[in-house]
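K.L.:
this one's sequence-less:
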């Protein structure tokens, strides 16, 4: 998945005014090529071929046909998640070795499973 916000809400936004990361455009090009909307190199350039393919995809999927990779277009292409951010960030806890209970046979510390972290309540 890609985490990106692309400004492309209105038809009067020009492609050269939109800063779209190259990696996002490449992923859009690949998705559109897989669905036969885009024929061209996966170069990350938001050029005429890419914008034409995006516009055709948008029209077919009843999205505003801007020719730019809007948030709704990226969601429809399954490149970003449509769920709203609820403020909770999950971090994989780091395993901790219990050094107080070292096995005498091999000298290997016993593994202590990570405890779930709960964000503080406001």
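P.N.:
It's in. These numbers come from a predicted model, not from an experiment.

K.L.:
going forward, measure contacts between C-alpha atoms and count neighbours the same way
P.N.:
OK.

K.L.:
residue 69 contacts residue 54, doesn't it?
P.N.:
Yes: using C-alpha atoms under 8 Å, residue 69 makes contact with residue 54 at a distance of 6.9 Å.

K.L.:
please identify which of those two sits among more neighbours.
P.N.:
Per other C-alpha atoms under 10 Å, whichever of residue 69 and residue 54 has more neighbours is residue 69, with 28 against 25.

K.L.:
do you know the pLDDT at the more buried one?
P.N.:
Model confidence at residue 69, expressed as pLDDT, equals 93.

K.L.:
pull out the buried positions in stretch 34-46.
P.N.:
37, 38, 42, 44, 45, 46 (16 or more other C-alpha atoms under 10 Å).

K.L.:
could you dump those residues to CSV with secondary structure?
P.N.:
Converted to CSV, the buried residues of stretch 34-46 look like this (DSSP: H, G, I helix; E, B strand; the rest coil):
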residue, secondary structure
37, coil
38, coil
42, coil
44, coil
45, coil
46, coil
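
K.L.:
and of those, the nearest to residue 78?
P.N.:
Taking C-alpha to C-alpha as the measure, residue 78 lies nearest residue 37 of the buried residues of stretch 34-46, at 15.6 Å.

K.L.:
how far away is the residue nearest to that closest one when sequence neighbours are not counted from residue 76?
P.N.:
What sits nearest to residue 37 in space, not counting adjacent residues and going by C-alpha to C-alpha, 6 or more residues apart in numbering, is residue 53, at 5.1 Å. Remark: distance between residue 53 and residue 76 (C-alpha to C-alpha, to the nearest Å) = 14 Å.

K.L.:
of those two, which one has the most company?
P.N.:
It is residue 53, of residue 53 and residue 76, that has more neighbours when counted by other C-alpha under 10 Å, with 21 against 16.

K.L.:
verify the contact between the more buried one and residue 35 for me.
P.N.:
No: using C-alpha under 8 Å, residue 53 is not in contact with residue 35, being 10.1 Å away.
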